[in-house]
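>>> Here you go, sequence then predicted model.
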Amino acid sequence: MPDSASALDFFQLFVPDNCIQNMVTQTNMYAKKFQERFGSDEGWRPVTAEEMKAFLGFVISTSVHRCESVLSIWSSGFFSNRSIALKMSQSRFEKILKYFHIVAFRPSQGSNQGLYKIQPFLDSLQPSFSCTFRPSQTQVLHEPLIDEDPVFITTCTERELRKRKKRKFSLWVRQCTSTGFICQREREREERERERRERKRGRKRDEERGGARERERIREKEREEETGERGREREEKRERKREKGERERERKREREQERERKREREEERERERKKERDRGRKRERERKRERERGRDGEREMKKEGEQEKEREKKGRKRGREEETGERGRERKRRR
């Protein structure tokens, strides 16, 4: 590369223009299919190769200048970067991130491989990474963890971000120890590792099945023992339980009978009290009638006395009148 080469020229040594154009094509195709299924997006317009390069530049810049997320570039805080924020608006970046795709996924391909969404892209980068850089003699095969931060969490809301735990995935690579350059991704080693994990899971399933068969044998043995001594013990226990139940039912019947007798005695006493109250009310009515008859007799006697007095009064009045008349006749004769 000449001395006047820019950072973009070095980037295109490893990621050629055909890879960028493939990202543009797949992103636009996915956006079209998404909008056909869920409705049109008024804020979307097809992405271009220049916009895709700018998009990748924003993502790569977060590994050089550490920040909370890619969206911090457009913020007004400590992590803002106005020098690159002018290249693309935040809304446009979020739209490209929403529809970003690099491989056309087909359900017939299956998803049993962990990198099925980026496998063709990684395969296309392998020749340029192999022929562009000459690594040192000291290299290492290892499985580095790849954190999803800070690109993928940009699509999360603040509430989801608080709940979200960082998930990490790994893949086998051949890496230069002096520079950290990844020379090759060990796909065959990954396949072997995946097969090893599958065998391990298969052995675990076999062990679980074997444990299930062992538990079934133990249950069968227990059922056989039930016909022997344990069976007799259980039978005696059931017999004692039945006897206990009979005694309990007998005591319950006795309690019921006692309650019934008590209820009958209470009813009998209640009937006696009712009869006594009826007799008392009857005697009270008799006494009341006697008092009424006594008052009637007194009224009769009083009435007879008054009549007798009236007769006496009339007799005296008649006597006076007769006497007065006799005297008048006597005076008249005298005159």
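Looks like it arrived, so ask away.
>>> for the stretch 101-250 of the chain, what spans make up the helices?
Assigned by DSSP state H, counting those that start in this stretch, the stretch 101-250 of the chain shows helices spanning 119-132, 158-163, 187-226, 229-334.
>>> Out of the ones you listed, which is the most enclosed?
helix 119-132 (a mean of 14; mean count of other CB atoms under 10 Å). Heads up, the C-betas are built off the backbone N, CA and C, glycines and all.
>>> and that one, C-alpha only, in CSV?
What follows is helix 119-132, C-alpha atoms only, in CSV (Å, rounded to 0.1, in the frame of the first residue of the first chain):
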residue,chain,number,x,y,z
GLN,A,119,-21.4,-18.2,7.4
PRO,A,120,-21.2,-17.2,3.7
PHE,A,121,-19.9,-13.8,4.6
LEU,A,122,-17.1,-15.3,6.8
ASP,A,123,-16.2,-17.7,4.0
SER,A,124,-15.9,-14.8,1.5
LEU,A,125,-13.6,-12.9,3.9
GLN,A,126,-11.2,-15.9,4.4
PRO,A,127,-9.2,-15.4,1.1
SER,A,128,-8.5,-11.7,1.7
PHE,A,129,-7.5,-12.3,5.3
SER,A,130,-5.2,-15.1,4.3
CYS,A,131,-3.4,-13.3,1.5
THR,A,132,-3.3,-9.7,2.9
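>>> so which of the helices of the stretch 101-250 of the chain gets nearest residue 54?
With CB to CB as the criterion, residue 54 lies closest to helix 119-132 of those, at 18.8 Å.
>>> what's that closest one packed up against?
Counting by 3 or more CB pairs under 8 Å, 6 or more residues apart in numbering; DSSP states H and E, the packing neighbours recorded for helix 119-132 are helix 7-14, helix 17-38, strand 182-185.
>>> tell me the mean pLDDT for that helix?
Average pLDDT, helix 119-132: 80.
>>> quick revisit: deepest in the core, which of the helices and strands packed on helix 119-132 is it.
The most buried one of the helices and strands packed on helix 119-132 (mean count of other CB under 10 Å) is strand 182-185, showing a mean of 17.
>>> pLDDT (mean, whole number) over that one?
70.
>>> so what's residue 53 up against?
Applying CB atoms under 8 Å, 6 or more residues apart in numbering, we find residue 53 in contact with 8, 20.
>>> where's it relative to residue 60, distance?
Separation of residue 53 from residue 60 (CB to CB, to the nearest Å): 10 Å.
>>> returning to that earlier point: comparing the helices of the stretch 101-250 of the chain by mean pLDDT, which bottoms out?
helix 158-163 - the lowest mean pLDDT of those, at a mean of 55.
>>> Next, format the helices of the stretch 101-250 of the chain as CSV and append distance to residue 15.
Formatted as CSV, the helices of the stretch 101-250 of the chain follow (distance: least, CB to CB, whole Å):
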stretch, distance to residue 15
helix 119-132, 7
helix 158-163, 29
helix 187-226, 19
helix 229-334, 74
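>>> Any idea which of those helices gets closest to residue 89?
Short answer: helix 158-163, nearest of the helices of the stretch 101-250 of the chain by CB to CB, at 20.6 Å.
>>> pLDDT below threshold where in the stretch 1-150 of the chain?
1, 68, 79, 105-115, 144-150 (pLDDT under 70).
>>> Surely residue 90 is in contact with residue 70?
No - taking contacts as CB atoms under 8 Å, residue 90 lies outside contact range of residue 70: 9.2 Å.
>>> Now list whatever residues contact both of those two.
What both residue 90 and residue 70 touch, as defined by CB under 8 Å, 6+ apart, is an empty set.
>>> Count residues in the vicinity of residue 90, would you?
Neighbourhood size, residue 90 [other CB atoms under 10 Å]: 14.
>>> again with residue 58
Residue 58 - counted by other CB under 10 Å - has 23 other residues nearby.
>>> Just the element for it, please.
In this structure, residue 58 sits in helix 49-64 according to DSSP states H and E.
>>> What residues of that helix count as buried?
51-56, 58-59, 62 (16 or more other CB atoms under 10 Å).
>>> in a strand, that's where residue 67 is, yeah?
No - judged by DSSP: H, G, I helix; E, B strand; the rest coil, residue 67 forms no part of a strand; its state is coil.
>>> surely it meets residue 73?
Yes - Residue 67 lies in contact with residue 73 (CB under 8 Å); the separation is 7.1 Å.
>>> picking that back up, which of the helices of the stretch 101-250 of the chain sits closest to residue 140?
helix 187-226 (12.5 Å).
>>> If anything else comes up later, I'll come back, but that's it for now.
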